[in-house]
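K.L.:
Got a predicted structure plus its sequence, pasted below:
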Amino acid sequence: MFGIGFPELLVILVVALIVLGPKRIPDVARSLGRGLAEFRRATGEITDEFRAAQSQIEEEYRRTRAEAMGAPGETTAQTKTARPPDSTDT
């Protein structure tokens with residue numbers, strides 16, 4: 001988690017105890033926990049929106065590609081080479 005080992009965490013906790021005091025640490029920890037939970041919730045919602053948009057784009061791409069590849073009627077190659085029949089061909 002963030003590359004913080006036990007010794008670093010212990011130093012942070014001791015500094016917090018000295019700066020904040022023993023009475024305020026539970027309140028600060030509670031607020032920090034709520035803030036992290038809200039951050040996770042918000043990032044989860046954003047991630048879900050990006051995934052939904054990506055799925056929609058991929059589905060539209062597949063549909064467009066399928067229509068282009070398997071469209072009934074003339075293809076591009078046929079329209080380039082198509083010409084009216086000659087009267088001498090009969």
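P.N.:
Now that the structure is in, tell me what you want to look at.
K.L.:
residue ranges for the helices of the protein, please.
P.N.:
For the chain, applying DSSP state H gives helices covering 6-20, 25-69, 76-81.
K.L.:
These: lowest mean pLDDT?
P.N.:
Here the lowest mean pLDDT among the helices of the chain goes to helix 76-81, at a mean of 49.
K.L.:
how about the helices of the chain in TSV, adding mean neighbour count?
P.N.:
In this view, the C-beta of every residue, glycine as well, is placed from N, C-alpha and C. Below are the helices of the chain laid out as TSV (neighbours: other CB atoms under 10 Å):
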stretch	mean neighbour count
helix 6-20	11
helix 25-69	10
helix 76-81	8
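K.L.:
how near is the most centrally placed residue in the chain to residue 69?
P.N.:
In the chain, the C-alpha nearest the mean C-alpha coordinate belongs to residue 50, at 3.8 Å (CA atoms, centre = their mean). Computed as CB to CB, to the nearest Å, the residue 50 to residue 69 distance reads 28 Å.
K.L.:
now swap in residue 4 and tell me
P.N.:
On the measure of CB to CB, residue 4 and residue 69 end up 53 Å apart.
K.L.:
repeat for residue 44
P.N.:
On the measure of CB to CB, residue 44 and residue 69 end up 37 Å apart.
K.L.:
same thing with residue 25?
P.N.:
64 Å.
K.L.:
Next: residue 37.
P.N.:
Look at residue 37 and residue 69: by CB to CB, they are 48 Å apart.
K.L.:
do residue 48 as well
P.N.:
Using CB to CB, residue 48 is found at 31 Å from residue 69.
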